[in-house]
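**Student:** sequence and computational prediction follow.
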Protein chains: 2
Amino acid sequence: MEDRKAVEAANRTFYRALEICNIEAMDEVWLHDENAKCVHPGWEMIKGWKKIRESWSIIFRNTHGMQVQIEDVSTNIGDEVAWVTCVENVTTFFERGLASTPVQATNIFLKRDGKWLMVHHHASPIPVNLPRQFTHTIQ
Amino acid sequence: MEDRKAVEAANRTFYRALEICNIEAMDEVWLHDENAKCVHPGWEMIKGWKKIRESWSIIFRNTHGMQVQIEDVSTNIGDEVAWVTCVENVTTFFERGLASTPVQATNIFLKRDGKWLMVHHHASPIPVNLPRQFTHTIQ
């Protein structure tokens, strides 16, 4: 139960770092490892903490703030690996307006020295009002 | 090393089941559990093996075959949880043509009674030739 609470807290901390666009807060959340991976919605996969950090820096520079609401959270705990799925309701403020979209996320955490750290983030846009007949294939 | 090979084999078996559009082969790959989850490219997340199975059945009914080539495979092993990331190059044949697209996948496996079973599949389209200036935000 302690691990579950700790993983859920780590997941919330990640979204808080995203919301406040704070790269130092991201530093605290992630495992600083070559093997870390990140898929931002609509981006190619980024590999390794260094490049992941750069991508967050770019995102934070290009936004004037974000609101992030998390729902439908499901947490799964192993001995040293945990994963969380959730829906991110992200509203992004740009210089000339805002954009809002629901995003499906899979977040994987590793336990290192008693602390759960993000090692994998896969986020992809959720279709909105897509007619069902267009969703009955793999593509 | 045995676990790594077993997980990589389980991952290949999943894509073979996809390629031959065989639901019984999918039965063998997945953990039949309420907690299993699946995100097909462009679909909402599906929860629970029963509904996941239905989704594969629908996909298989609506395609006249698939070719699936896997590349950029990365495997990560924990005690009882493993995850694999890879790029799926999926060509789908429909009644009136075909569609081809690269897909980024995150696959999570659980070890149950000595066998690695898929418990989570998150697949999302990879943008093709998207101008970089459009990829510098979270959305």
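**Tutor:** That came through fine.
**Student:** so what's the residue nearest in space to the middle of chain A closest to, chain neighbours aside?
**Tutor:** Nearest to the mean C-alpha position of chain A, counting by C-alpha atoms, centre = their mean, stands residue A:121 at 5.0 Å. Closest residue to residue A:121 apart from its sequence neighbours, by C-beta to C-beta, 6 or more residues apart in numbering or on different chains: residue A:38 at 4.8 Å. In short, each C-beta sits where N, CA and C put it, glycine included.
**Student:** how far away from the center of its chain is the helix or strand containing that neighbour?
**Tutor:** Using DSSP states H and E, residue A:38 falls within strand A:37-39. Its chain's average C-alpha position is 9 Å from that of strand A:37-39, according to C-alpha atoms, centre = their mean, to the nearest Å.
**Student:** pull the distance from the helix or strand just after it to the chain's centre.
**Tutor:** With elements assigned by DSSP H and E, the helix or strand that comes after strand A:37-39 is strand A:46-47. Computed by C-alpha atoms, centre = their mean, the chain-centroid distance of strand A:46-47 equals 14 Å.
**Student:** what do you get for stretch A:114-129?
**Tutor:** The chain centroid and the centroid of stretch A:114-129 are separated by 4 Å under C-alpha atoms, centre = their mean.
**Student:** cool, stretch A:82-89 as well?
**Tutor:** 8 Å.
**Student:** re the thing from before, contacts only, for the residue nearest to the centre of chain A.
**Tutor:** Applying C-beta atoms under 8 Å, 6 or more residues apart in numbering or on different chains to residue A:121 gives the contacts A:14, A:37-39, A:105-108.
**Student:** pLDDT and neighbour count added to those residues, as JSON lines?
**Tutor:** Supplementary listing: those in JSON lines, determined by pLDDT from 0 to 100; neighbours: other C-beta atoms under 10 Å in any protein chain shown:
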{"residue": "A:14", "pLDDT": "98", "neighbour count": "24"}
{"residue": "A:37", "pLDDT": "98", "neighbour count": "24"}
{"residue": "A:38", "pLDDT": "98", "neighbour count": "22"}
{"residue": "A:39", "pLDDT": "97", "neighbour count": "23"}
{"residue": "A:105", "pLDDT": "98", "neighbour count": "24"}
{"residue": "A:106", "pLDDT": "98", "neighbour count": "25"}
{"residue": "A:107", "pLDDT": "98", "neighbour count": "25"}
{"residue": "A:108", "pLDDT": "98", "neighbour count": "25"}
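**Student:** which pLDDT value belongs to residue A:79?
**Tutor:** Looking at residue A:79, its pLDDT is 88.
**Student:** could you find the closest non-adjacent residue to it?
**Tutor:** residue B:79 (4.7 Å).
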